[in-house]
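# this one's sequence-less:
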């Protein structure tokens, strides 16, 4: 069973704060999750919920004013937070790598894609120039780029958005990292291309046994690609579990709201309900610094009761073997 | 399937009910020359597009990026010069309008852009931005304009004191509300929503869609709604056109799912 | 106006700031006041301006009068000494500063006025207008500026007005290119389109929508243009093409340049004045640059 193996990535009680003019402001509070080998963990939430900060904390790429205040990040048995700069350079690219939302800005426009993939290989694998180019072609083939021998000499602007994202994936996987962090990898792409990229990711994952941390706001993608989900809201994990459990039986009102407010394409005969009002979550994510000890979702929650107003936000409570939720009223909301 | 709509889903189309009738719209962009003496080459961004939009309904245009859907919509409201074609808006061919006549006609068709961060002038306060169309088109007295700004803010769900804030003080969803208020200011008949919800978070997206729908109900507004998200289009639109490489390849009233079913699985 | 019934629409006011932010101009001003170099430059320039404006009232010697023996060294009789004709150097500095700073300021205004007009028309309209204006700009740019200015001054006479206009006319192409680039960047942004959709004509779009957003770099270049113009005036005067009837710092250096070894003070003091003024102005330019550039506000 996979649970016997130690997880590839283990994040425990991670808290990140921002250095503001009036002291420290919590950005991420007490986040814990494990990713086993070959599994996909999805972090879901609106912008401003701390998803990307989590990714940057794992990569040790947090912006200047942000610091990890507590917790631990263990990657393949090594402590990421204790790594020296030299060790970090070895970790990044070799053991963990990241793909970004906007593939145009993440690629250097002055080098061919072959050079950029080769660069990674020469840095970490100490390959020669010719071997690196040859390997680059293989990687382009692996990410299903047609005519890879020609495309290896193409510059980023000569490729479409989907192709660029494939190149990014090829670069990220070039050194067979244990962990791939995908930060909204398809948000900037067309719908048809999104599906292709997700397919590609899951196929590559099957072949390479890479673990993936997928950051997204698209619950459809979660259902398709992820094994486990953590729903973040205002820097706190409010629901966690296997993706099947969370999608089919969401317990937190925020997760339920997120799912209800996306209009899904329905095929088949017409039903009039498509023209009805969408469910909406009023208001927006509280900004940094405006988050008290009580439930962060309280001002937007339609199901809030007295217990929510008088008590601080409850810790994550395991509901079943594969699900945990942080809500006082989850039994009434989702029995 | 362009033009007439099947009678089984809707009452037969009344000709007077058509607010916008676009005929064979073509937009070319110059793309430099081939060699120094070669002929100037062109990109056919929109290549002979025709459609009708009925008053009070939402006309959806879907397509991948680069299919020409935004160009079509912006050419229809004369923000991008059309190379040829007719744009009959409320009985008049606005494709022929020039200068002052075009400027004044603009009160009848407005636009909401995709990115609420770049669609608002960062140096001006929200109230001033919403009042701009009223000032420019000389609608109402200065006092009435102030009242109208307040009323518009109320309509899009923002408090009156929002008028004094600068765009950077608002969140993405709130900015999109400002853009909608501004588009509503001259009481237009048609609003083009150019990927108006694509840049927003899902929860905010639902808020904005519901707001647009509420305004349509109350005001009888007509929308041209552009999106690449079929789910949103299906939810929001009465008629749908699918664009591919500058042409409309499919057109149907929304409840007919056949065209969407024929699309590649998404 | 129509009245509308608003069915309880959930207000999206949850996290609106209660107080409006100060305007971007004030933000930049406040930022400027925090930059040490900018404040130092502004203080020095202010002192120079005040001295040249009020100095003559307190130091009543005419700069063109022969007050003492030629080459009197700095001392009791003349604080900063006298020049080759026996004219008082300090009086020259005070009166000459007026002319020099005025030439600098006015020439910079001419530079910016021509440059911004041409650059904004060129960048905003594009097409044939752009091509034509860019060609004109390039023509002016390839002329060697000092030579061109000398030709203008020789042709139209050695007066301060001619010198000022000549400096303005030869130095506008840089401002035009900068403005054009800003306009090209801004004109396709959505908010410009939105204003057009709101019924704005070209005049409104150029002056009220695009130009205010293009101003920050233009202001920096205007500041720098003052310094450049002062140096230019110095250069022309040094070559003997300044206005011989109006005392200016450049003229002092120009007329005394042959006697540097006989009386260093005749040249060093006006030279130092030009140096300090130009340095102060470029410090101000740097300060403004610092004040407007960290305006990269976070998105969302």
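Cool, the structure landed. Since the structure is predicted, the reported quantities are computational estimates derived from the model, not experimental observations.

# for the helix or strand of chain A with the lowest mean pLDDT, packing partners?
Least confident helix or strand of chain A, by mean pLDDT, DSSP states H and E, is helix A:103-106 with a mean of 76. Counting contacts by 3 or more C-beta pairs under 8 Å, 6 or more residues apart in numbering or on different chains; DSSP states H and E, helix A:103-106 packs against helix A:161-173. (C-beta placed from N, C-alpha, C; glycine too.)

# partner strands of the helix or strand that comes right after the helix it packs on, with direction?
Using DSSP states H and E, the next helix or strand after helix A:161-173 towards the C-terminus is strand A:179-183. Paired neighbours of strand A:179-183 in the sheet (DSSP bridges): strand A:96-99 (parallel), strand A:211-216 (parallel).

# quick one: the ones you listed as TSV, columns for mean neighbour count and mean pLDDT too.
Converted to TSV, the strands paired with strand A:179-183 look like this (neighbours: other C-beta atoms under 10 Å in any protein chain shown; pLDDT from 0 to 100):
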stretch	mean neighbour count	mean pLDDT
strand A:96-99	24	90
strand A:211-216	25	92
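
# among these, which is nearest residue B:29?
Of all the strands paired with strand A:179-183, it is strand A:96-99 that lies closest to residue B:29, at 32.3 Å by C-beta to C-beta.

# still on that earlier bit, centre of the chain to the least confident helix or strand of chain A, how far?
Using C-alpha atoms, centre = their mean, to the nearest Å, the mean C-alpha position of helix A:103-106 is found 18 Å from that of the whole chain.

# which residues touch the residue nearest to residue B:170 when sequence neighbours are not counted?
Excluding the flanking residues, the one nearest residue B:170 by C-beta to C-beta, 6 or more residues apart in numbering or on different chains is residue B:178, at 6.6 Å. Each residue near residue B:178 by C-beta atoms under 8 Å, 6 or more residues apart in numbering or on different chains is listed here: B:116, B:120, B:126, B:129, B:130, B:156, B:158, B:162, B:167, B:170.

# as a markdown table, the strands paired with strand A:179-183 with distance to residue C:103 would be great.
Below are the strands paired with strand A:179-183 laid out as a markdown table (distance: least, C-beta to C-beta, whole Å):
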| stretch | distance to residue C:103 |
| --- | --- |
| strand A:96-99 | 57 |
| strand A:211-216 | 60 |
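
# ok, which stretches of the stretch 51-200 of chain C are strands?
Applying DSSP state E, counting those that start in this stretch to the stretch 51-200 of chain C gives no strands.

# for it, which residue gets nearest to chain A?
Residue of the stretch 51-200 of chain C nearest chain A, by C-beta to the nearest C-beta: residue C:185 (17.1 Å).

# for that residue, give me the pLDDT.
Residue C:185 is assigned a predicted lDDT (pLDDT) of 91.

# check the gap between it and residue C:179 for me.
Applying C-beta to C-beta, to the nearest Å, one obtains 11 Å for the distance of residue C:185 from residue C:179.

# which of these two has more residues huddled nearby?
The neighbour count for residue C:185 versus residue C:179, taken as other C-beta atoms under 10 Å in any protein chain shown, is higher for residue C:179 (29 against 13).

# residue C:120 is in contact with the more buried one, correct?
Yes - counting by C-beta atoms under 8 Å, residue C:120 is a contact partner of residue C:179 at 5.4 Å.

# state the helix or strand in which residue A:19 lies.
Per DSSP H and E: residue A:19 is located in strand A:9-20.

# ok now do residue 65, which residues does it touch?
Here I'm looking at chain A. Counting by C-beta under 8 Å, 6+ apart, residue A:65 touches A:18, A:19, A:20.

# try chain C instead
C:87, C:88, C:91.

# still on that earlier bit, taking the contacts of residue B:178 one by one, which sit in helices?
Mapping the contacts of residue B:178 onto helices (DSSP state H) picks out B:126, B:129, B:130.

# phi, psi for residue B:201 please.
The phi and psi values for residue B:201, taken as degrees, to the nearest 10, are phi -60, psi 150.

# report how many residues lie close to it.
Residue B:201 is flanked by 24 other residues according to other C-beta under 10 Å.

# follow-up on the earlier one: which residues sit against the least confident helix or strand of chain A?
Around helix A:103-106, the neighbours that count as contacts under C-beta under 8 Å, 6+ apart are A:99, A:100, A:156, A:157, A:161, A:164, A:165, A:167, A:168, A:188.
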